[in-house]
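Chemist: next comes the sequence, and after it the predicted model I'd like to discuss.
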Amino acid sequence: MTGALHEEELLGILYIGQDFKKERTKHNCKEGMDVVVIKENYPFIYFFNEPHIVFVYKILTDDYVTMSELSECGEWETYELNRPVEFEAFNHETCTPLVERGYSIQQDPLNIMVGKINELIQKQRKLQQSIQSGSIHLVSSESTAGALRVGLDRPRKVISFQGFFSIGPVWNLDCQKGQDHRFEWLNENINFEMDDYVLENNFNKTLLEIEDIQREVPIYLWTANNADEQTGLWFILYLLRNKENDIILINAVDHFQGEEQSVTHSAWLHPDQLSVLFNENKMAKPLSCDERLHYQIEWEQLAQSKEVLRVWENGRIVSVAEDYYDDIIINTIEELHSKHETKDFIRPGMIIAEIYGKLDGVISDSFLEYRIRHLIYNGTLELKGIPKSMRHYRVKLRN
C-alpha cells in the first residue's frame, strides 16, 4: 500500500494558501494543532502539515467530489520532508512517497480539503470552457433526480439537492452563515444516520454545479406541491437570479390531476412518467422576468424566518412552530395503546407509519422522530432503549 491515508486523525488543520503563494491564515485552529499549507499543481494539490508531512491528491475527474468520493475520484500519496522550508520548492515527481505507512486525517480538516479540491476543479472547468450540450434539469429531491437520470434521454445533466427543505432553518441559506447555521441545527437534532459532512458536502457540490451552468442551455426546474420541493424551488430560482437562461417550470402535480392516486411529490412518479412529462413540456414557455422576480421576493421573505418547519397549506408554504405535529404524535400513540390490553412500548417506526397514513406521507420521518425524542426529553413519553436511531428504542405514554 502506498501512502496510506485514513479519515481519523490529522496532526494539524488546513491553512489556506493560493497557488504557490503562502497566506498565513489559520482556520479554527485548536491548541496543539499545526497549520497546513496548500499548493496547487493541477491535476495535483499539495497539503503540507507542519513540520514535515505533505499529502498529495491527484484529481482524476472534472466532477466535484465529496468526502466519501475522494478515493474514487482521485489518488492520495503521502510524503515526508526533512525541513519545512523544502515545501516551497516541493514537487512530488522528484520525491519518493511513503510506502506501507501514512498519516490519518480528521473529518473536520478533511472537509476543508474537499472544499479546496473542488475550488481547483472549478478553476479548471472555467479554463477549459467546454460547451454544455443538451438540457439542464434541476430538482430538490434526490429520488426524483435518480428517476430523471433513468427516464430522460441523453444528452442531459441532472443537478439535485438532497432535499429536506421543509425542515431545518432556511434563514439566510443563500449565505455561508445561514448554511453553517442550518447544518449545525440538522446535525444536532436530526438522526439522518449519515456520516459527518455528507449533507454539507452534497449541498456545496450542488451549489458549484448550479454556478457552472452556462448561459446558452435551457434549464428545466422540476417541482411538486409540497413544502420540500416548493421551498427548494424558491431557493433554486434565487440562486439562478443572475443567469439569463430560459427556465421552464415542470410541476408534476399539474400534469397528474384526476389520477386515481393524487400526486404530491415528484419522487412518486416512475421514470417513464417523468420522460412523458418532459416531452410534453420541453417546448413550454419559460418563466417571465416578472415570474422569476416574484419567486425571488418570496425566497427573500422566507429566508428571514427563524422557524425550522414548513408545511404546504392552501397552495402556500407556511412556516409553523416545530411542535406543530406533537399533538398528532401523542394522539397516534394513544390510539395504538388502545388497541392492546396493556400499554406496551412502541417503536417510533410504527408510530410514524400510522401518522403517514393520516397525512399522506407529507412530512419527513426524520423530523417526526426528532419530535418523538423531544417528547421523551420533556417527560411526555417514557423511553426504553437508546434513542440513537429509530431501530434502537421504543416509547409509551407516561401514566
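Modeler: That came in fine, so what should we check first? Note that the coordinates shown come from a computational prediction; the quantities given were computed from them, not determined experimentally.

Chemist: who's in contact with residue 142?
Modeler: Contacts for residue 142 (Cβ atoms under 8 Å, 6 or more residues apart in numbering) come out as 160-163. (Glycine included, C-beta is placed from N, CA and C.)

Chemist: now it: phi and psi?
Modeler: Residue 142 adopts backbone torsions of phi -70, psi -40, taken as degrees, to the nearest 10.

Chemist: the chain should start at 20 in everything you say after this.
Modeler: New numbering, starting at 20: the last item is residue 161.

Chemist: pLDDT wise, what is it at?
Modeler: Here, the pLDDT recorded for residue 161 equals 92.

Chemist: how close does it sit to residue 146?
Modeler: 30 Å (Cβ to Cβ, to the nearest Å).

Chemist: also residue 210?
Modeler: Residue 210 is 42 Å from residue 146, by Cβ to Cβ.

Chemist: and these two? Which one has more around it.
Modeler: residue 210 (16 against 8; other Cβ atoms under 10 Å).

Chemist: low-scoring stretches of this structure, by residue?
Modeler: When residues are selected by pLDDT under 70, those of the chain lie in 20-55, 275-280, 379-380.

Chemist: tell me the SS of residue 97?
Modeler: Three-state assignment for residue 97 (DSSP: H, G, I helix; E, B strand; the rest coil): strand.

Chemist: tally of neighbours for it?
Modeler: Neighbourhood size, residue 97 [other Cβ under 10 Å]: 20.

Chemist: isn't it up against residue 74?
Modeler: Yes. Between residue 97 and residue 74 there is a contact at 5.7 Å, judged by Cβ atoms under 8 Å.

Chemist: verify the contact between residue 274 and residue 299 for me.
Modeler: Yes. Here residue 274 lies in contact with residue 299, judged by Cβ under 8 Å, at a distance of 7.0 Å.

Chemist: between these two, who's got more neighbours?
Modeler: A direct count of neighbours by other Cβ under 10 Å for residue 274 and residue 299 places residue 274 higher, at 15 against 11.

Chemist: quick one: contacts for the more buried one?
Modeler: Contacts of residue 274 by Cβ under 8 Å, 6+ apart are 296, 299-300.

Chemist: got it, and residue 329?
Modeler: So residue 329 contacts 184-186, 189, 246, 250, 321, 336-339 (Cβ under 8 Å, 6+ apart).

Chemist: let me see the domain layout of this structure.
Modeler: The record's domain parsing of the chain by automatic domain parsing lists 24-147, 154-332, 345-416.

Chemist: since that was my last question, I'll sign off now.
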